[in-house]
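*Asks:* Here's my sequence, what's the structure:
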Amino acid sequence: MVSFGKKLKERQIQEWQGYYINYKLMKKKLKQYANQSQAVVPDRRFVLKDFSRMLDNQIETIVLFLLEKQGALASRISGLNEQKDLLQEVPDIAKIDELREAYQAVGRDLLKLLYFVEINAIGLRKILKKFDKRFGYKFTDYYVKTRANHPYSQLQQVFKHVGLGAVVGAISRNLADLQDRKGSYLSIYDQPALPLQDPVVDSMKAAVDRLSHSTNFLNFLAQHALIMQDELPTPVEEGVDDQRYHFMSLLLNLANTFLYMVNTYIIVPTADDYSMSLGAAATVCGIVIGAMAVAQIFSSVYFSAWSNRSYFRPLIFSSIVLFIGNVMYALAYDLNSIPVLLIGRLFCGFGSARAVNRRYISDCVPLKYRMQASAGFVSASALGMACGPAVAGLLQTNFKIYKITVNKETLPGWLMAIAWLIYLIWLWFSFKEPVRDTEIKNVPQESKAEPDSLEKGIVEPLLLKSPENQQDEDEQEGDESEEASEDSHKPANSIVAAYRLLTPSVKVQLLIYFMLKYAMEILLSESSVISTYYFSWSTGHVAVFLACLGLTVLPVNLVVGSYISNMFEDRQILLASEIMVCVGILMSFNVIIPYSVPQYVCSGLLLFVSAEVLEGVNLSLLSRVMSSRLSRGTYNGGLLSTEAGTIARVIADATITLAGYLGESMLLNVTLLPSFFICIVSILATFWTYNSLY
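*Replies:* From the prediction side, this is the model:
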């Protein structure tokens with residue numbers, strides 16, 4: 001892996017070299033400050049002012065060049081507009097095509113300018129972070145506060161790019177006008193719902209989205225997948241090779257995700273009844289449900305390693321193992337065997353291919369589709385979570401085929417076995433193994449340290465104020481005073497090595513993830529036992545309740561991704577949602593007053609929705625503070641987050657079974673106590689992180 005400075009130099013447009021941020025010069029200046037500090041304590045005010053002046057000069061050079069090029073593009077568009085006006089009087093198909101090509105040429109030049117702005121903004125943000133790391137000053141806060149909101153701010157020109165947005169709009173509108181010039185004169189404003197079918201406009205829009213300090217629903221939803229993007233923007237001509245992309249294979253990958261989540265939650269409404277029919281206590285449902293998560297702890301590792309060599313074979317293996325596991329789960333009833341039931345669920349967990357699903361999207365889906373694919377991954381998981389209990393509520397039947405019993409307890413197993421068999425056949429005939437990296441040269445898949453590099457801009461303190469997170473960056477930039485060996489850039493080769501790469505802020509994010517998964521698993525897994533004990537709910541009632549919870553996932557993310565995340569900073573949403581999770585847990589306790597359906601439903605809904613909001617924001621932040629060495633290889637950030645969540649589910653399900661020995665009357669409060677304690681710890685850890693970083 002090459003250093004950031006070297007990559008910055010390699011990706012510069014040669015004729016514009018003198019106008020890029022002089023990253024090497026500023027890094028040298030930081031080194032001079034550091035050497036001075038060893039001999040004599042430097043004047044802090046002098047260092048701040050001196051470095052600020054250097055940054056101001058660098059930004060002014062960038063902005064003046066940007067305005068010059070922006071004006072040239074505007075002049076070209078103005079000239080093309082005059083030609084277009086003449087064509088309105090005397091339409092000429094050939095000239096219309098020429099004019100479209102001319103507008104597209106302007107669009108391609110604009111893409112170069114957007115790319116220029118993005119590279120400079122990344123370099124600026126990195127040097128600010130590097131300053132904070134070296135000297136412990138909160139220089140970023142000082143610089144941004146004094147420059148960002150000033151009426152003559154040149155910093156805003158780099159990060160707000162209002163003028164560039166106007167140029168993008170002009171090109172898009174005129175191309176839309178010319179697109180239907182043969183018969184229609186409607187503009188994009190008359191038909192805003194109709195997309196403009198032009199790749200140049202799509203590329204410009206994607207570039208502007210990366211630069212914008214805004215979040216939309218798809219971006220927010222996609223962040224749940226923890227699929228990290230390139231550290232540096234990639235030029236248009238260096239896009240991911242489409243040889244690796246196969247839509248049907250992506251669809252099969254998402255179908256695997258959906259079916260697995262259905263498989264996970266389809267037994268939740270009936271697990272307690274199944275346990276009792278085999279002579280065990282109702283609370284053994286915790287172990288039955290959690291057995292799948294126990295196996296997933298191990299399957300995540302070997303599937304992640306397997307995906308380094310193949311995607312097709314792991315998915316085939318997953319389908320076969322899940323088919324066998326569901327058949328065993330269904331047969332346990334007639335065999336009257338709890339061990340067979342548990343082994344069946346373990347087999348289902350050993351078939352968890354979520355690591356493959358995530359890696360396929362990260363490695364094989366082109367950048368222009370990756371956000372949509374990531375959002376599809378999350379949506380498939382959410383819909384599977386909702387459909388599982390809903391389907392279980394419909395399986396109210398009881399009959400025998402020969403000696404095989406088919407009832408509400410066994411039918412989920414038989415149904416999922418059939419589903420996996422059908423999926424296996426579909427997979428065998430339709431999946432296309434993508435071309436591996438060794439067969440495709442010059443595909444930029446190596447570094448995925450920071451997603452959507454400028455999505456949050458330099459005004460995101462959580463990213464900028466984490467000195468621990470700079471270790472890898474400093475190594476990559478080749479400082480003589482720090483390690484720069486090849487091994488320091490390789491992916492982690494074990495879970496222990498990956499854990500050592502975690503900074504305190506990342507550990508806090510993983511603790512939050514553990515907490516929310518633990519609280520959600522307690523709520524979901526014991527719902528059947530609790531609702532039956534207190535309210536005498538039937539399987540159908542439990543299924544409807546769980547399905548309604550699952551159906552809130554997408555609407556909640558729509559609201560947060562489209563509105564709330566644009567009004568508040570991520571760290572504010574993070575802390576607020578943690579507190580709301582804590583409130584939801586407190587409301588769930590059964591104390592003094594008789595426990596009622598409204599209390600249970602409202603507290604459960606508040607807890608679940610708050611945890612969903614927390615998960616999205618937490619993973620968004622986690623993907624941006626994770627070490628670049630954890631963005632690839634077997635032991636990557638996605639695997640670590642999956643393991644943290646899976647371990648939380650295992651402990652939660654074990655807690656339910658152990659608490660069952662105290663009696664069902666004690667189950668609710670006893671299982672909520674650990675949730676409350678872990679939530680308080682995570683809130684305190686978040687406060688500690690903010691105080692240390694800000």
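
*Asks:* what's the host helix or strand of residue 415 in contact with?
*Replies:* Using DSSP states H and E, residue 415 falls within helix 411-430. Helix 411-430 has contacts (C-beta atoms under 8 Å, 6 or more residues apart in numbering) with 248-249, 252, 255-256, 259, 262-263, 266-267, 270, 312, 315-316, 319-320, 322-323, 326-331, 344, 391-392, 395, 397, 406. Quick note: C-beta positions are derived from backbone N, CA and C, even for glycine.

*Asks:* buried sites along that helix?
*Replies:* 411-417, 419-421, 423-424, 427 (16 or more other C-beta atoms under 10 Å).

*Asks:* count of residues packed around the residue lying closest to residue 23 once chain neighbours are set aside?
*Replies:* Leaving aside its chain neighbours, residue 23 sits nearest to residue 123 (4.8 Å; criterion: C-beta to C-beta, 6 or more residues apart in numbering). Other residues within reach of residue 123 by the criterion other C-beta atoms under 10 Å amount to 21.

*Asks:* Same question for residue 330.
*Replies:* 25.

*Asks:* go on, residue 404?
*Replies:* Quick note: residue 404 (other C-beta under 10 Å) scores 13 neighbours.

*Asks:* now residue 291
*Replies:* Neighbour count of residue 291, defined by other C-beta under 10 Å: 23.

*Asks:* In a helix, residue 290, correct?
*Replies:* Yes. Assessed with DSSP: H, G, I helix; E, B strand; the rest coil, residue 290 lies in a helix.

*Asks:* for residue 334, what are its contacts?
*Replies:* Shown in contact with residue 334 (C-beta under 8 Å, 6+ apart): 403, 404, 405, 410.

*Asks:* hang on, the earlier thing: work out for me the element the residue nearest to residue 23 sits within.
*Replies:* Per DSSP H and E: helix 93-135 holds residue 123.

*Asks:* same thing with residue 63?
*Replies:* Going by DSSP H and E, residue 63 is in helix 44-89.

*Asks:* cool, residue 669 as well?
*Replies:* helix 664-693.

*Asks:* Tell me which residues of that helix come out buried.
*Replies:* In helix 664-693, counting by 16+ other C-beta under 10 Å, buried: 664, 667-668, 670-672, 674-676, 678-679, 682-683, 685-686, 689-690, 693.

*Asks:* give me the low-pLDDT residue ranges for the stretch 551-694 of the chain?
*Replies:* Counting by pLDDT under 70, the stretch 551-694 of the chain has low-confidence residues at 566, 623-625, 627-633, 690-694.

*Asks:* Helices along that one, start to end?
*Replies:* 553-559, 565-567, 570-588, 597-625, 637-659, 664-693 (DSSP state H, counting those that start in this stretch).

*Asks:* Mind checking the pLDDT average for the helix holding residue 123?
*Replies:* Taken as a whole, helix 93-135 has a mean pLDDT of 80.

*Asks:* what angle do that helix and helix 664-693 make?
*Replies:* 90 degrees (axes from the mean of the first three to the mean of the last three C-alpha atoms, to 10 degrees).

*Asks:* Tell me where the stretch 301-450 of the chain has helices.
*Replies:* Counting by DSSP H, counting those that start in this stretch, the stretch 301-450 of the chain has helices at residues 312-335, 338-350, 354-364, 367-394, 411-430.

*Asks:* I figured residue 542 hits residue 528, correct?
*Replies:* Yes. Counting by C-beta atoms under 8 Å, residue 542 touches residue 528, with 4.8 Å between them.

*Asks:* Please enumerate the shared neighbours of the two.
*Replies:* 268, 269.

*Asks:* Of these two, give the one with the bigger neighbour count.
*Replies:* residue 528 (28 against 24).

*Asks:* That one and residue 516: what is the separation?
*Replies:* 21 Å (C-beta to C-beta, to the nearest Å).

*Asks:* can you list the domains in the chain?
*Replies:* 4-182+197-228, 244-432, 498-539+548-693 (the TED database).

*Asks:* Now do the second one, average pLDDT.
*Replies:* Confidence over domain 244-432 (mean pLDDT, whole number) is 91.

*Asks:* just to revisit the earlier point, between the helix holding residue 669 and helix 637-659, how many degrees?
*Replies:* Here the directions of helix 664-693 and helix 637-659 differ by 150 degrees (the same axes, to 10 degrees).

*Asks:* and helix 664-693, what other elements does it pack with?
*Replies:* When contacts are defined as 3 or more C-beta pairs under 8 Å, 6 or more residues apart in numbering; DSSP states H and E, helix 664-693 packs onto helix 504-525, helix 527-535, helix 570-588, helix 637-659.

*Asks:* go with 6 Å
*Replies:* Applying 3 or more C-beta pairs under 6 Å, 6 or more residues apart in numbering; DSSP states H and E, we find helix 664-693 packed against helix 504-525, helix 570-588, helix 637-659.

*Asks:* looking at the ones you listed, which is buried most?
*Replies:* helix 504-525 (a mean of 24; mean count of other C-beta atoms under 10 Å).

*Asks:* Give the burial count for the closest residue to residue 257 other than its chain neighbours, as a bare number.
*Replies:* Residue nearest to residue 257 in three dimensions, not counting chain neighbours: residue 380, with 4.3 Å by C-beta to C-beta, 6+ apart. Residue 380 sits with 22 neighbouring residues when counted by other C-beta under 10 Å.

*Asks:* re the thing from before, nearest to residue 554, out of the buried residues of helix 411-430: which one, please.
*Replies:* Distance to residue 554, by C-beta to C-beta, is smallest for residue 419 among those, at 22.1 Å.

*Asks:* Return the distance of the closest one relative to residue 401.
*Replies:* Residue 419 sits at a distance of 18 Å from residue 401 (criterion: C-beta to C-beta).

*Asks:* Residue 401 pairs with what?
*Replies:* As for beta bridges, residue 401 partners with residue 404 under DSSP bridges.

*Asks:* And it, how close does it get to residue 407?
*Replies:* 12 Å.

*Asks:* Which one's more surrounded, those two?
*Replies:* residue 407 (18 against 8).

*Asks:* Against residue 620, how distant is the closest residue to that one other than its chain neighbours?
*Replies:* Once flanking residues are discounted, residue 407 sits nearest to residue 398: 4.3 Å by C-beta to C-beta, 6+ apart. Separation of residue 398 from residue 620 (C-beta to C-beta): 47 Å.

*Asks:* Neighbour count: those two, which is higher?
*Replies:* For residue 398 and residue 620, the more surrounded residue by other C-beta under 10 Å is residue 620, and the numbers stand at 26 against 11.

*Asks:* From residue 376, how far out is that one?
*Replies:* Taking C-beta to C-beta, one finds residue 620 at 17 Å from residue 376.

*Asks:* List the contacts of the nearest residue to residue 304 once chain neighbours are set aside.
*Replies:* Spatially, and ignoring its direct neighbours in sequence, residue 304 is nearest to residue 355 (4.0 Å; C-beta to C-beta, 6+ apart). Contact partners of residue 355, counting by C-beta atoms under 6 Å, 6 or more residues apart in numbering, are 300, 303, 304.

*Asks:* ok, 7 Å please
*Replies:* 300, 303, 304, 307, 639, 642 (C-beta atoms under 7 Å, 6 or more residues apart in numbering).
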